[in-house]
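**Student:** no sequence for this one, just the structure:
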């Protein structure tokens, strides 16, 4: 049986890897202006003699940001669903993205903090504290941290934090426009000087999350059985949660709070690879990068010559999927 499944799983990796390559190609060529491949190569080589090549030079960091943020959110969503055994776990639904955004906005509005490195630390701190808060609220009462209680606690926290962000920004006309645009979630205007400082954070989050695959597989069988199998449940959960928090904070600091990527992607990957997190986690990284990249391309096409921010596009895709998941899972754990 295992031998029969392996070609299917390898095919899943190949398909998602090919989809990611296609996504990168579309992101470089499609936009308000279509760019032929000869000008794409010129733009990649740093030549900006033509309008098309100059457009490609601008799209390269934008594409890199979409791939990095999408992969981070997809992987973080898979880890969160594994930790909580909650099919509705997602950085947006659990309020983690909103918490990261709150810390960044407070840093800008109250402390005049600037610089990509500082925003990354603020985003990670906000994501971590919000995740702890939501878990503590969801764990109170009878039954502990059930999927329903975590989802309700995260949704309520997200709404409250979003309202507080508005209260912080409203008196500051000098930053209101840029912050409100950032809150929608987008990858436009990306630059390598702001993207490169995020790479070490993303790598740390990636390694912590991938290293937690064995613990997540054990947790899927139940905490008691996981402990009986020799897994350190508390340490494994802490490591997995740390990886997810770093990834969420990094993506939010760069792009603003983007929802539903971490919800949709892990479910699709489990259809390909089953429930083995050693496969689900890397597949979620590839699929998340592709989903955000394709959403960015779609946002450029549907509103030409203007653009829809990628956060709006993912909401259109993710909201119906969220409703479908609720109806089909009826709030059961994974």
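**Tutor:** Here it is on my side, so go on. This structure is a prediction, so every number in the text was calculated from the model and none was measured. Numbers count the residues shown, from 1 in each chain.
**Student:** Which stretches in the stretch 1-150 of the chain count as helices?
**Tutor:** With DSSP state H, counting those that start in this stretch as the criterion, the stretch 1-150 of the chain has helices at 2-29, 37-44, 51-84, 96-111, 116-139, 147-169.
**Student:** Quick check: buried residues in the last one?
**Tutor:** In other words, helix 147-169. 147, 149-151, 153-155, 157-158, 161-162, 165, 168-169 (16 or more other Cβ atoms under 10 Å). For glycine as for every other residue, the C-beta is placed from the backbone atoms N, C-alpha and C.
**Student:** which one of the residues you listed is nearest residue 135?
**Tutor:** Nearest to residue 135 out of the buried residues of helix 147-169 is residue 150 (Cβ to Cβ; 7.2 Å).
**Student:** if we can go back for a sec, check the helices of the stretch 1-150 of the chain for me and report the most buried one.
**Tutor:** helix 51-84 (a mean of 25; mean count of other Cβ atoms under 10 Å).
**Student:** quick one, that helix and helix 2-29 angle?
**Tutor:** 140 degrees (axes from the mean of the first three to the mean of the last three Cα atoms, to 10 degrees).
**Student:** Now do the contacts for residue 66.
**Tutor:** 27, 187, 289, 292, 293, 296, 310 (Cβ atoms under 8 Å, 6 or more residues apart in numbering).
**Student:** distance of it from residue 139?
**Tutor:** 35 Å (Cβ to Cβ, to the nearest Å).
**Student:** go on, residue 130?
**Tutor:** For residue 130, the distance to residue 139 - Cβ to Cβ - is 15 Å.
**Student:** what's the answer for residue 312, then?
**Tutor:** From residue 312 to residue 139 the distance is 33 Å (Cβ to Cβ).
**Student:** can you check residue 235 too?
**Tutor:** Counting by Cβ to Cβ - residue 235 and residue 139 are separated by 18 Å.
**Student:** Residue 55 now?
**Tutor:** 50 Å.
**Student:** Same check on residue 190?
**Tutor:** 38 Å.
**Student:** likewise residue 271?
**Tutor:** Relative to residue 139, and taking Cβ to Cβ, residue 271 is found at 30 Å.
**Student:** helix/strand/coil for residue 221?
**Tutor:** Under DSSP: H, G, I helix; E, B strand; the rest coil, residue 221 falls in the coil class.
**Student:** Just the pLDDT for the closest residue in space to it that isn't next to it in sequence.
**Tutor:** The spatially closest residue to residue 221, leaving aside those adjacent along the chain, is residue 229, at 7.7 Å (Cβ to Cβ, 6 or more residues apart in numbering). At residue 229, the predicted lDDT confidence score is 71.
**Student:** same thing with residue 303?
**Tutor:** So residue 303 comes in at 81 (pLDDT).
**Student:** Pass me the low-pLDDT residue ranges in the stretch 51-200 of the chain, would you?
**Tutor:** For the stretch 51-200 of the chain, applying pLDDT under 70 flags no range at all.
**Student:** Go again with 90.
**Tutor:** 51-58, 84-89, 93, 138-151, 173, 176-178, 180-181, 183, 188-189 (pLDDT under 90).
**Student:** circling back to that earlier point, could the buried residues of helix 147-169 be laid out in JSON lines, adding distance to residue 23?
**Tutor:** Below are those laid out as JSON lines (distance: Cβ to Cβ, whole Å):
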{"residue": "147", "distance to residue 23": "31"}
{"residue": "149", "distance to residue 23": "36"}
{"residue": "150", "distance to residue 23": "32"}
{"residue": "151", "distance to residue 23": "30"}
{"residue": "153", "distance to residue 23": "34"}
{"residue": "154", "distance to residue 23": "29"}
{"residue": "155", "distance to residue 23": "30"}
{"residue": "157", "distance to residue 23": "32"}
{"residue": "158", "distance to residue 23": "28"}
{"residue": "161", "distance to residue 23": "31"}
{"residue": "162", "distance to residue 23": "30"}
{"residue": "165", "distance to residue 23": "31"}
{"residue": "168", "distance to residue 23": "35"}
{"residue": "169", "distance to residue 23": "33"}
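**Student:** For those residues, name the two members farthest from one another.
**Tutor:** Maximum distance among those (Cβ to Cβ): 32.6 Å, for 147 and 169.
**Student:** what about residue 94, neighbour count?
**Tutor:** 31 (other Cβ atoms under 10 Å).
**Student:** and it, how far is that from residue 305?
**Tutor:** 37 Å.
**Student:** What of residue 71?
**Tutor:** Distance from residue 71 to residue 305, by Cβ to Cβ: 29 Å.
**Student:** re earlier: give me the phi and psi for the residue nearest to residue 221.
**Tutor:** Main-chain torsions, residue 229, degrees, to the nearest 10: phi -80, psi 0.
**Student:** Same check on residue 87?
**Tutor:** Here residue 87 shows phi and psi, under degrees, to the nearest 10, equal to phi -70, psi -10.
**Student:** got it, and residue 305?
**Tutor:** Per degrees, to the nearest 10, the backbone of residue 305 is at phi -80, psi 0.
**Student:** Residue 47 against residue 38, yeah?
**Tutor:** No. Counting by Cβ atoms under 8 Å, residue 47 stays clear of residue 38, with 10.7 Å between them.
**Student:** which ones are touching the most centrally placed residue in the chain?
**Tutor:** The residue lying closest to the centre of the chain (Cα atoms, centre = their mean) is residue 73, at 1.6 Å. Applying Cβ under 8 Å, 6+ apart to residue 73 gives the contacts 91, 247, 248, 251, 258, 261, 262, 265, 288, 292.
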